[in-house]
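Undergrad: sequence and predicted structure are below.
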Amino acid sequence: MKYKLIVSDFDGTVVKNDRTASEKTIQAIKDYRAAGGNFIVSTGRMFESIVNNAHVLGLDGVNIPISAMDGGIIKETVTGKVIARSTMPYEQTAAFAEDCERMGCYFQVYSEDKLFVAEENDINRYYCKVSKIPMNVVGKLSDYIRKNKLECVKVLIADKNANSFLDFFKGRYPDIQFFMSSADYLDGASLSAGKGNSLKCLAKFFGVDISETIAIGDSMNDISMVEAAGLGVAMANADECLKKVADFIAPSNEDDGVAYVIEKVLKDEL
């Protein structure tokens with residue numbers, strides 16, 4: 001088997017639009033792992049959110065690393081062992097918060113294990129319901145970050161026009177990178193984070209050469225790992241920017257694209 005590590009995005013990739021996985025996908029992951037392969041999720045979600053959804057992929061109780069918050073934290077699901085952590089300087093995160101507050105756009109920030117919001121609203125109530133995580137309401141976020149010297153793992157702007165903020169924030173702070181994780185979400189993370197860097201870290205962790213890795217995704221925050229992998233795969237439902245850098249286009253998440261890739265791998269057809 002040529003490819004010993006498959007790193008897959010979660011939403012829009014390994015799960016369907018209703019955030020479930022088919023029996024075909026669950027069985028494919030099981031078969032790949034039984035053959036000695038390592039199947040890992042790399043997501044913009046918080047670590048606990050994926051742990052709480054591990055049963056969807058048939059991985060509940062299995063101790064494997066998860067790359068969460070756009071590669072800002074890589075942590076084992078059962079032991080809680082931290083493999084890698086990348087945070088942003090609190091001064092720069094506070095400056096980001098002040099910019100958002102001045103512009104009036106909704107945003108939220110994350111430490112390694114907590115989500116912080118200024119006040120509860122429909123946006124974060126829905127976000128927490130989908131992610132299955134609690135929120136911490138702390139008032140004005142820029143003040144909270146400065147007062148507590150909060151070194152965040154991730155920041156996020158949620159807005160139907162989130163893409164319009166990308167040019168403004170890109171390159172604005174020396175140690176923060178920005179990318180779209182969906183049409184409505186603009187993510188920020190440490191320069192040493194990102195899904196591409198997390199893929200390289202995971203390959204090293206498993207003792208796998210980068211040429212023996214596959215990365216599968218659907219959004220712009222997946223670009224770095226799709227470019228870094230031995231085989232970069234974009235889903236049929238992927239953003240066109242991702243498709244342009246991918247080596248292979250898989251069927252959509254609604255058509256079990258990840259299972260399709262795994263089956264090809266097990267048959268040595270990729």
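TA: Arrived safely, thanks for sending.
Undergrad: so which residue is dead centre in this structure?
TA: In the chain, the residue lying closest to the centroid (C-alpha atoms, centre = their mean) is Thr43, at 1.9 Å.
Undergrad: so that one touches Ile66, yeah?
TA: Yes - in this structure Thr43 lies within contact range of Ile66 using C-beta atoms under 8 Å: 7.4 Å. Where C-beta positions appear, they are placed from N, C-alpha and C, glycine not excepted.
Undergrad: who touches both of these two?
TA: Common neighbours of Thr43 and Ile66 (criterion: C-beta atoms under 8 Å, 6 or more residues apart in numbering): Ile50.
Undergrad: neighbours around Asn38, how many?
TA: Asn38 sits with 19 neighbouring residues when counted by other C-beta atoms under 10 Å.
Undergrad: what sits against it?
TA: Taking C-beta under 8 Å, 6+ apart as the test, what Asn38 contacts is Lys4, Leu5, Ile6, Ile64, Leu202, Phe206, Val208.
Undergrad: closest to Phe39 among the residues you listed?
TA: Ile6 (5.1 Å; C-beta to C-beta).
Undergrad: backbone phi and psi for the closest one, please?
TA: Torsion angles at Ile6 (phi, psi; degrees, to the nearest 10) stand at phi -110, psi 120.
Undergrad: ok, back up a step: residues in contact with the residue nearest to the centre of the chain?
TA: By C-beta under 8 Å, 6+ apart, Thr43 lies in contact with Asp9, Phe10, Asp11, Ser49, Ile50, Ile66, Ser67, Ala68, Met69, Asp70.
Undergrad: kindly reformat those residues as JSON lines containing distance to Pro251, secondary structure and neighbour count.
TA: Listed next are the contacts of Thr43 as JSON lines, based on distance: C-beta to C-beta, whole Å; DSSP: H, G, I helix; E, B strand; the rest coil; neighbours: other C-beta atoms under 10 Å:
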{"residue": "Asp9", "distance to Pro251": "15", "secondary structure": "coil", "neighbour count": "30"}
{"residue": "Phe10", "distance to Pro251": "17", "secondary structure": "helix", "neighbour count": "24"}
{"residue": "Asp11", "distance to Pro251": "17", "secondary structure": "helix", "neighbour count": "21"}
{"residue": "Ser49", "distance to Pro251": "25", "secondary structure": "helix", "neighbour count": "21"}
{"residue": "Ile50", "distance to Pro251": "23", "secondary structure": "helix", "neighbour count": "23"}
{"residue": "Ile66", "distance to Pro251": "24", "secondary structure": "strand", "neighbour count": "27"}
{"residue": "Ser67", "distance to Pro251": "24", "secondary structure": "strand", "neighbour count": "30"}
{"residue": "Ala68", "distance to Pro251": "26", "secondary structure": "strand", "neighbour count": "28"}
{"residue": "Met69", "distance to Pro251": "28", "secondary structure": "coil", "neighbour count": "29"}
{"residue": "Asp70", "distance to Pro251": "25", "secondary structure": "coil", "neighbour count": "30"}
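Undergrad: could you dump those into CSV and include pLDDT and distance to Cys105?
TA: Putting the contacts of Thr43 into CSV (pLDDT from 0 to 100; distance: C-beta to C-beta, whole Å) gives the following:
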residue, pLDDT, distance to Cys105
Asp9, 98, 25
Phe10, 98, 25
Asp11, 96, 22
Ser49, 95, 23
Ile50, 96, 26
Ile66, 97, 29
Ser67, 98, 27
Ala68, 98, 24
Met69, 97, 20
Asp70, 97, 19
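Undergrad: just the strands in the stretch 101-250 of the chain please.
TA: According to DSSP state E, counting those that start in this stretch, the stretch 101-250 of the chain carries its strands in the segments 107-110, 115-117, 136-137, 154-158, 176-180, 185-190, 213-217, 231-235, 248-250.
Undergrad: any chance you could map the helices in the stretch 51-200 of the chain?
TA: 90-103, 122-131, 141-148, 166-169, 195-206 (DSSP state H, counting those that start in this stretch).
Undergrad: counting by contacts, list what the shortest one packs against.
TA: This means helix 166-169. helix 90-103, strand 176-180, strand 185-190 (3 or more C-beta pairs under 8 Å, 6 or more residues apart in numbering; DSSP states H and E).
Undergrad: give me the angle between the shortest one and strand 185-190.
TA: What that stands for is strand 176-180. 160 degrees (axes from the mean of the first three to the mean of the last three C-alpha atoms, to 10 degrees).
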